[in-house]
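# Here is my input, please return the structure:
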Amino acid sequence: MNKNLLAAMGFVICVLMIICACLAYSDMENKERALKAESELAKLKQDMAAKISSKNFPVPEKKILPNPQPVTVSIPPPAQAVEPPRDDNPTPQDRGRINMEKLKETDPERYAAIVERMNNFTKQMHENSTKQVDFLKKLDTKSMTPEQLDNHNKLIPLVAKNNQLLYEISQNPEGENASNQRRELFDNSHQMRDLLDTERSTVLQQFATQLGYHTDQTAQFEEYIKYVYDMTSSNPFRVGGGGRGGGDNRGQQAQPNRQ
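Numbering: from 1, shown residues only. This is a model prediction of the structure:
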């Protein structure tokens, strides 16, 4: 029995020694693997370090922002003056001025001849206007009725103004103010029409008194003179029409008798 026990114990010891040897071998193998792994890891680290040191990796460039450009504010140019709309109904003076400007470009010789005639006509008008001013200023205002005197006082400034305008135009017919002067001359002449008719009646009645006609005959004398003027006029619209304020009955009135 002791022999069997010894044999069993010996067997167990052998098995334990085998197990220990296996464990030792396994442990040695694991250590070798671990050392080998550590060696490879160290070698890998060295290789990586060498590669990193030997290669120059590009450093990202710092982006440089462009300098901010100054903001330019576009200011629109000032609005040009709008040309006034063309008048579709120009006055006779404006139409005449426009026609003369066209003629100056298309036919300078004819334009010069017309301008010369106009200048001569203006000078003649100024001379006649001067005579008219002198004549009206010499009238007897004391014998005028209040209505006749009021008409006379309205007429004198217009006649004097036209005389001054005609003088200025005759001195500088193509001046800058010539167009405005002619327009004012036309407007004044339009206002003078009725005033001149009344002034004519006053003068004829005064003349009749100077000739010796009675007061009740002066109006008849005036009508007869106007009738004679109409009948001897070259204007066909006056002949038989009686002119301003007149009638056909003038021809039926005989010249008043002073007796």
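
# Tell me how many other residues crowd Asp105.
One correction, residue 105 is Glu, not Asp. Glu105 has 8 neighbours, counted by other C-beta atoms under 10 Å. C-beta here means a position set from N, CA and C on the backbone, and glycine is covered the same way.

# Need phi/psi at it.
Torsion angles at Glu105 (phi, psi; degrees, to the nearest 10) stand at phi -80, psi -40.

# remind me which residues of the chain are low pLDDT?
1-35, 37-38, 41-42, 44-45, 47-88, 90-93, 235-259 (pLDDT under 70).

# ranges for the helices of the chain?
Here the chain has its helices, by DSSP state H, at 2-54, 92-106, 108-137, 146-171, 178-210, 215-231.

# buried set for stretch 130-137?
Under the neighbour-count criterion of 16 or more other C-beta atoms under 10 Å, stretch 130-137 has 132-133, 136 buried.

# any idea how far Gln164 is from Glu109?
Glu109 sits 33 Å away from Gln164, going by C-beta to C-beta, to the nearest Å.

# before we move on, what about His126?
Remark: distance between His126 and Gln164 (C-beta to C-beta) = 9 Å.

# more crowded one of these two?
Set His126 next to Gln164 and count neighbours by other C-beta under 10 Å: His126 wins out with 20 against 14.

# correct me, but the more buried one touches Asn163?
Yes - at 6.8 Å, His126 and Asn163 qualify as touching, with contact defined as C-beta atoms under 8 Å.

# Glu199: how many residues sit nearby?
Residues lying near Glu199 (other C-beta under 10 Å) number 21.

# Without its sequence neighbours, what residue ends up closest to it?
Leu155 (5.7 Å; C-beta to C-beta, 6 or more residues apart in numbering).

# same check, this time on Thr141
In space, Thr141 is closest to Leu149, 5.9 Å off (C-beta to C-beta, 6+ apart).

# That neighbour: how many residues sit nearby?
Residues near Leu149, counting by other C-beta under 10 Å: 14.

# do Met231 as well
Using other C-beta under 10 Å, Met231 has 12 neighbouring residues.

# Check the gap between it and Lys123 for me.
Distance, Met231 to Lys123, by C-beta to C-beta: 32 Å.

# In a markdown table: the buried residues of stretch 130-137, plus distance to Glu222.
Listed next are the buried residues of stretch 130-137 as a markdown table, based on distance: C-beta to C-beta, whole Å:
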| residue | distance to Glu222 |
| --- | --- |
| Gln132 | 19 |
| Val133 | 23 |
| Leu136 | 17 |
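
# Just the closest of these to Lys43, please.
Using C-beta to C-beta, Val133 is the member of the buried residues of stretch 130-137 that sits closest to Lys43, with 134.4 Å.

# which residues sit in contact with Gln206?
When contacts are counted by C-beta atoms under 8 Å, 6 or more residues apart in numbering, Gln206 touches 139-140, 143.

# Quick one: which of these is the most crowded by neighbours?
For the contacts of Gln206, neighbours tallied by other C-beta under 10 Å; top is Leu139, 16 neighbours.

# separation between that one and Asn128?
17 Å.
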